[in-house]
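Engineer: any chance you can model this:
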Amino acid sequence: MGITKKILNLLNFLFSLSAIGTLIWFHGYEYKIYYLQPHSVYLHISFGFFVVQFVIRAYLSKDFMGYVRNNRLECLLFIFLLLEIGLNTITGYSITWTLLSSTGLTGNNHLYILTLHIVLLIIVGFELGKASARSTIWKLSPPLLFILSFIVLIIVGSSLLMLPEMTNPGSTLNFIDAFFTSVSASCVTGLSVVETSTCFSIKGKILILILIQIGGLNIIAFATYFITFYRRKFLENKNLNSVNEILHTSHISETKNMIKMVVLTSLIIELIGTIFLYYQWGESLQFSNLKEQLFYSVFHSVSAFNNAGFTLFTDGFTNPIVQNSYYLHITIALLVILGGIGFTTIGETFRFGNIINYFRRRETTFSLQSRISLISSLVLILLGTVLFYGIERSGVLSDMNLTESMITSFFQSVTSRTAGFSTVDFGSVSVLTLIVLMVFMFIGASSGSTGGGIKTSTFAVLLIGALKAKKRRSNYGKSFLTNKLVKKAFSILVYSIIVISFGTLILIISEPEKAISQLIFEEVSAFGTVGLSTGITSSLSSTGKIVIIISMIIGRIGPLALAYSMIRTVSTSDEKEKDGIMLG
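Structural biologist: Take a look at the predicted model:
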């Protein structure tokens, strides 16, 4: 039995390694039609191995049905593969190809192979996950594991972006630019040193889309996946309390439900956003075919919900073909808002019982976390809209009527806190506007969301704490505030200011020809993972790009890691146990 497991482990490793390697080779280099048949055979052999391995491992476990129950998703996937392989071998009929036929995309053999590769990678992910469960990596603290997950994602992304097929003919991408793009996509920032629309091929754009999706959900969904998948490892390492507090759950079973809610919520919202965007592209935008229109819709829906700020238009939404599509702007802004208020808040806002109670004018049941997220987001959006309109009505808004000016102000107020989309030229706005927007970028989105910044909950704790301190009330009584909670928020504030100040100082030294206001704006935008720029990103020196890269990474994972590290020093009260809030 021991020898059998060792042989399976070795074959598992070889097949997993070959699956990743062939994916890179097949899709990263120029496609040849004669690659199709042998590659399809390889994929079916790999599927056959993993199916047989699953059955053998279930048998060796001495609890066949128990093993199947603990691996339901894999089991369902393998049942599908058995039908696919069996029917394809005996009759030549392919379920996958039939499903693709219903979409009207069957003319692309590459898409068929890509679909099979995605299925294979999902299986490889499960297998590598099981293997890593035995690794000493799980002795690391949750902050280090989260940081490691981002670093791996960034390195893989930058390596893939440098493959020949990821860029258009005539376009080249050096390492620093590829790394910058991978960091920006993985950290859902949106700053770019190359023009996404012209530099990258369709494969490169799909890769950026995948990095955005994984990066946007990484803090909550990706982390929660590993926590629940290897909950025993975390229990053994006594990390469960810190994990549950930072994820805003009380029990490990809740974190398992949370991952389902996060993924399902994301897919549903992105699907709805795709449908709306599909029918909102203006007449001035002529797509070559329906597939291109669908891809543009999917890309911008995912980019907006994940607060990434990447677009497929030259000059972004300041491009004349979409700059005046105000219904489109509203849809994008709503997606950004949903992505920025946090998954807990989304779940409670659209909970059926709360909706019924709202229409019946009964009391709704929102947690403290959600109330802070909703109220602070609403106040900041309204305040930002008023300030942007008031400052720029004689500036970049001067050629617009009142309705257009208000929609533009609303759009910039929403996106300035973390998304980074812009419908105006930020190189032309006043310095006062830049200062106001920097404050909003610094605050960012809500905790447990796809956005960045110090988070609205941290800002709310600091603001309320300052108001109470002004009244000379050091004891917060039965309020949700505690001295230690305020200290935690203050630590995140100081930490963030130090990082921004240090980054700005290096930028001033390395970019002496650029205005200080532009450099500060760029640094705050990077740290807040916003993506707004005055247009200097592509002209930064290598040192400047490295500074922005580090700021984006720290801005994405730093405040959360800092909050984690402080959890052990922060005791929670009975009130907080019942109705607490997340910071960072």
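Engineer: list phi and psi for the closest residue to Phe527 other than its chain neighbours.
Structural biologist: Among residues not flanking Phe527 along the chain, Gly555 sits closest, at 3.8 Å (CB to CB, 6 or more residues apart in numbering). For every residue, glycine as well, the C-beta is placed using N, CA and C. Here is the backbone geometry of Gly555 (degrees, to the nearest 10): phi -60, psi -30.
Engineer: got a list of what Gly555 touches?
Structural biologist: Going by CB atoms under 8 Å, 6 or more residues apart in numbering, Gly555 touches Cys187, Thr189, Gly452, Gly453, Val499, Ala526, Phe527, Gly528, Thr529.
Engineer: quick check, central residue of the protein?
Structural biologist: In the chain, the residue lying closest to the centroid (CA atoms, centre = their mean) is Gly216, at 0.7 Å.
Engineer: what pLDDT does that one get?
Structural biologist: Gly216 carries a pLDDT score of 82 in this model.
Engineer: so it is in which element?
Structural biologist: Using DSSP states H and E, Gly216 maps to helix 202-217.
Engineer: buried set for that helix?
Structural biologist: For helix 202-217, burial by neighbour count (16 or more other CB atoms under 10 Å) applies to 203-217.
Engineer: mind listing the strands for the chain?
Structural biologist: Counting by DSSP state E, the chain has no strands at all.
Engineer: count of neighbours near the residue nearest to Phe310 when sequence neighbours are not counted?
Structural biologist: Once flanking residues are discounted, Phe310 sits nearest to Ser303: 4.7 Å by CB to CB, 6+ apart. Neighbour count of Ser303, defined by other CB atoms under 10 Å: 33.
Engineer: before we move on, what about Leu267?
Structural biologist: There are 13 residues near Leu267, going by other CB under 10 Å.
Engineer: could you do Ile24 as well?
Structural biologist: 14.
Engineer: same thing with Asn306?
Structural biologist: Asn306, neighbours per other CB under 10 Å, totals 30.
Engineer: how close does the closest residue to it other than its chain neighbours sit to Val302?
Structural biologist: In space, and not counting its chain neighbours, Asn306 is closest to Gly216: 3.0 Å by CB to CB, 6+ apart. In this view, Gly216 and Val302 are 8 Å apart by CB to CB, to the nearest Å.
Engineer: so where's the stretch 1-150 of the chain shaky on pLDDT?
Structural biologist: 1, 31-35, 100-111, 128-145 (pLDDT under 70).
Engineer: can you map out the helices along it?
Structural biologist: 2-28, 36-60, 64-70, 72-90, 95-101, 109-132, 142-161 (DSSP state H, counting those that start in this stretch).
Engineer: okay, buried residues for the second one please.
Structural biologist: Along helix 36-60, these residues count as buried under the neighbour rule (16+ other CB under 10 Å): 39-40, 42-44, 46-47, 49-51, 53-54, 57-58.
Engineer: repeat that for the first one.
Structural biologist: Burial within helix 2-28, assessed by neighbour count using 16+ other CB under 10 Å, is assigned to Leu8, Asn12, Phe15, Ser16, Ala19, Thr22, Leu23, Phe26, His27, Gly28.
Engineer: one more: the third one?
Structural biologist: With burial defined by 16+ other CB under 10 Å, the residues of helix 64-70 counted as buried are Tyr67, Val68.
Engineer: restricting to C-alpha, output it in PDB.
Structural biologist: C-alpha atoms of helix 64-70 as PDB (Å, rounded to 0.1, in the frame of the first residue of the first chain):
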ATOM      1  CA  PHE A  64     -14.600   4.600  -0.100                       C
ATOM      2  CA  MET A  65     -17.800   6.600   0.400                       C
ATOM      3  CA  GLY A  66     -16.300   8.800   3.100                       C
ATOM      4  CA  TYR A  67     -13.500   9.700   0.700                       C
ATOM      5  CA  VAL A  68     -16.000  10.500  -2.000                       C
ATOM      6  CA  ARG A  69     -18.100  12.700   0.300                       C
ATOM      7  CA  ASN A  70     -15.000  14.600   1.400                       C
END
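Engineer: elements contacting that helix?
Structural biologist: Contact analysis of helix 64-70 by 3 or more CB pairs under 8 Å, 6 or more residues apart in numbering; DSSP states H and E lists helix 36-60 as its packing neighbours.
Engineer: which outside residues touch the helix it packs on?
Structural biologist: Contacts for helix 36-60 (CB under 8 Å, 6+ apart): 1, 4-5, 8, 11-12, 15, 18-19, 22, 26, 64, 67-68, 71, 74-75, 78, 81-82, 84-85, 88-89, 109, 113, 116-117, 119-120, 123, 127.
Engineer: angle of that helix against helix 2-28?
Structural biologist: Interaxial angle of helix 36-60 relative to helix 2-28 (axes from the mean of the first three to the mean of the last three CA atoms, to 10 degrees): 150 degrees.
Engineer: now do helix 36-60 and helix 72-90, the angle between them.
Structural biologist: Going by the same axes, to 10 degrees, helix 36-60 makes 130 degrees with helix 72-90.
Engineer: any idea how far Thr482 is from Lys455?
Structural biologist: Using CB to CB, which is the criterion applied here, Thr482 is 18 Å from Lys455.
Engineer: neighbour count: the two, which is higher?
Structural biologist: Shown here are Thr482 and Lys455; by other CB under 10 Å, Lys455 has more neighbours (32 against 19).
Engineer: show me what contacts the closest residue to Ser186 other than its chain neighbours?
Structural biologist: Of all residues beyond its chain neighbours, the one nearest Ser186 is Gly215 (3.9 Å), with distances taken as CB to CB, 6+ apart. Contacts for Gly215 (CB under 8 Å, 6+ apart) come out as Phe150, Leu153, Ala185, Ser186, Cys187, Val188, Asn306, Ala308, Arg556.
Engineer: the first one: neighbour count?
Structural biologist: Okay, so that is Phe150. By other CB under 10 Å, neighbour count at Phe150 equals 20.
Engineer: list the contacts of it.
Structural biologist: Counted by CB under 8 Å, 6+ apart, Phe150 has contacts Ser186, Cys187, Gly215, Asn218, Ile553, Arg556, Ile557.
Engineer: mind putting these into a markdown table with distance to Ser288?
Structural biologist: Putting the contacts of Phe150 into a markdown table (distance: CB to CB, whole Å) gives the following:
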| residue | distance to Ser288 |
| --- | --- |
| Ser186 | 29 |
| Cys187 | 32 |
| Gly215 | 29 |
| Asn218 | 33 |
| Ile553 | 37 |
| Arg556 | 35 |
| Ile557 | 39 |
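Engineer: coming back round to it: the residue nearest to Asn306 reaches Gly452, doesn't it?
Structural biologist: No - under the criterion of CB atoms under 8 Å, Gly216 makes no contact with Gly452, lying 10.5 Å away.
Engineer: list the residues that contact both of these two?
Structural biologist: Joint contacts of Gly216 and Gly452 (CB under 8 Å, 6+ apart) are Val188, Asn307.
Engineer: Leu294 contacts Tyr278, correct?
Structural biologist: Yes - counting by CB under 8 Å, Leu294 does reach Tyr278; the two are 6.5 Å apart.
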